[in-house]
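Colleague: I need the structure of the sequence given here:
(one chain, ligands or ions: 1)
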Amino acid sequence: MLLRTWAALAVATGIVVQPALVRPQPVGAEEMPSAVARGEASPIPVGPIDTSHYVGRQLAHELARPLEFDAIVLPLITSSKVLAPRRVNEQQIALASYRDEHAQPKFLWKAYPWREQHEEFVARFQTAKHEADRYELYRWCEQQELYDCAEFLLRRGLFDYQYRDSSDNYRWYLNKWKENGGHQRRSPFTFTLPVRGQWKVMVDTDRHHQSKHWSVWAWDLVMPRGYDLHQGADVVQNYFTWRQPVYAVSDGVVVAAVDHFPDHQIGYNAPADQGNYVQIDCGGGVYAYYGHLRQRGVHVRKGDKVQQGQVLGLIGSSGDTGVPHLHFTLMDGDGFSIRGRYQMEVWTTAGWRAYDGMDLEEGWHFREVRE
Ligand SMILES: [Zn+2]
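Modeller: Down below sits the predicted model:
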C-alpha cells in the first residue's frame, strides 16, 4: 500500500505537520509497524527510532504516523466528550482534528484495525447516555471480543467516578479494569531515575496505591541511611529525604507545576489534593508525575522545556504524606498510572546489579547507573 507522505500533505495544505501514521499494536522496540517490519518503503525514517529524546518518542508513538489501514480511533477520555470513537481511514486527513495546537496526537489513546462490529459500537456509544446503557454496551463489547472498546468504556467510568461521590461505582470499574488487564499497560520507553543516590521503594502496606487508577504503578521513594529514615527528633527536617532534589527522567515539557501548598509535620496528613507536584510530558503519550514536593520548592513552570536529569524541585511533605517521600509514577495522557522502565542499579544478594528497562518494585534498594 502506498503511504501518503506528510511532506506532500504539508505542501498541499500549507500546514506543518509531524510525520504521522496509525498502527494497531502498542508500541515497543519489539513491535514495529508491519510495513516497517516488512522493509517496505515508508515516509518516515525506517529502522529503530531513537526514542532517547522527545521528538523521537513522538515519532515512535503508535498514533504519530500515517494510517496504513482503516482504524477505529479511541480518544483519550479527557477528549472523549468532544471526540467520540470513530472510524478513520487512509483517505482521511481528519486525524488532524485529534491533534493539539502543536500538531501532536495528544487526544488519541489507541487506534486498532477496523472490524465490522465497530460500526455498531460507534453507533451505540453515541446513544449510551445512562449508566445502564453504558454497562450494557460494555457487556456487549466483551461478547463481541472488542476488548479495547470495552477497556475504553471502563476507563471512562473510572475517569468520571473519580469526581463523583460514588465510591462503589468507582470500585466496580477499578476491579473490572484490573480483571481485564487494563492496569498492565506499560511505558514503551526507558527512562532514567527521578532521584540520585541510594534510595528505597517503600512497601505499600495498606495498598493505598492500588485503590486509584492514577497510582496503581506509583512508587513512594525514600532515601534511608542504613535502617533509618531520619536522625534525631522525628520532625520532617530531620528526614534524609527532606529537600532532596528530583530529576527529569527524560527531556520533555512541564504540563503542571504546583508548589503553593504548605509542608506539614510528622503526624499530620493534609488532604491528598493539597500536595505540590510537577508533571512532565515525556513525549509519545507518556507523562511523569512527581508528588509531595516542597512548598515553593518547584524550580520549573508550566510550559517550560526540560532536559533529562534537570532538577525539577525539592521533596517536601505536602499533601497526604506519612513521612517525607517522593510519590512517583508514569502516566498516560488521561492520568492513568502505567508501569515504567528505567536504567538503574538494584541491590541484590550479589551486590549492585545494572537493570535496563525494568520497573521498580516494592522494597527495592536502587541507585542510578554508575561506571
Ligand atoms: Zn504514594
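Colleague: Now tell me what touches the longest helix along the chain from outside.
Modeller: The longest helix of the chain (DSSP state H) is helix 147-161. With contacts defined as CB atoms under 8 Å, 6 or more residues apart in numbering, helix 147-161 is touched by 72, 74, 77-78, 80, 85, 109-110, 112, 118, 121, 134, 137-138, 141-142, 167, 169-170, 172-174, 176-177, 180, 182, 213, 334, 336. From N, CA and C alone the C-beta is placed, and that goes for glycine too.
Colleague: Check which helices and strands the helix or strand just after that helix sits against.
Modeller: Next helix or strand after helix 147-161 toward the C-terminus (DSSP states H and E): helix 167-179. Helix 167-179 sits against helix 147-161, with contacts defined as 3 or more CB pairs under 8 Å, 6 or more residues apart in numbering; DSSP states H and E.
Colleague: Just the mean pLDDT for the longest helix of the chain, thanks.
Modeller: Over the span of helix 147-161, the pLDDT mean works out to 93.
Colleague: List the buried residues in it.
Modeller: Under the neighbour-count criterion of 16 or more other CB atoms under 10 Å, helix 147-161 has 148-161 buried.
Colleague: which of those residues lies closest to Ala128?
Modeller: Leu153 (8.5 Å; CB to CB).
Colleague: can you give me phi and psi for Asp281?
Modeller: According to degrees, to the nearest 10, the main-chain angles of Asp281 amount to phi -80, psi 110.
Colleague: Look up how far Val249 lies from it.
Modeller: 12 Å (CB to CB, to the nearest Å).
Colleague: which stretches of the stretch 251-371 of the chain form strands?
Modeller: Ranges of strands in the stretch 251-371 of the chain, per DSSP state E, counting those that start in this stretch, are 252-258, 276-283, 286-298, 305-306, 311-315, 326-331, 337-338, 342-348, 351-358, 365-367.
Colleague: Hmm, I typed the wrong one, I wanted the stretch 101-250 of the chain.
Modeller: 108-113, 199-201, 219-222, 245-247.
Colleague: of those strands, which approaches Gly322 most closely?
Modeller: That would be, of the strands of the stretch 101-250 of the chain and by CB to CB, strand 219-222, which comes in at 8.9 Å.
Colleague: Please state the mean pLDDT value computed over the closest one.
Modeller: 98.
Colleague: Partner strands of it, with direction?
Modeller: Taking DSSP bridges as the criterion, strand 219-222 sits next to strand 199-201 (antiparallel), strand 326-331 (antiparallel) in its sheet.
Colleague: who wins for proximity to the ion among those strands?
Modeller: Nearest to the ion, of all the strands paired with strand 219-222, is strand 326-331, at 3.4 Å by CB to the ion.
Colleague: The closest one to strand 311-315, inter-axis angle?
Modeller: Here strand 326-331 runs at an angle of 130 degrees relative to strand 311-315 (axes from the mean of the first three to the mean of the last three CA atoms, to 10 degrees).
Colleague: who touches strand 326-331?
Modeller: Identification of contacts with strand 326-331 by CB under 8 Å, 6+ apart yields 187, 191, 194-195, 214-215, 217-222, 241, 244, 246, 275, 279, 282, 286-292, 315, 319, 321, 337-340.
Colleague: Would you reformat the strands paired with strand 219-222 as CSV and include distance to the ion?
Modeller: What follows is those, written out as CSV (distance: least, CB to the ion, whole Å):
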stretch, distance to the ion
strand 199-201, 11
strand 326-331, 3
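Colleague: Show me the beta-bridge partners of the most centrally placed residue in the chain.
Modeller: Centrality entry for the chain: nearest residue to the mean C-alpha point is Met331, 2.0 Å, by CA atoms, centre = their mean. According to DSSP bridges, the partner residues bridging Met331 are Tyr287, Ser337.
Colleague: give the contact list for the nearest residue in space to Gln274 that is not next to it in sequence.
Modeller: Nearest non-adjacent residue to Gln274, counting by CB to CB, 6 or more residues apart in numbering: Phe261, 4.7 Å away. Shown in contact with Phe261 (CB under 8 Å, 6+ apart): Ala270, Gln274, Gly275, Asn276, Gln295, Ser318, Gly319.
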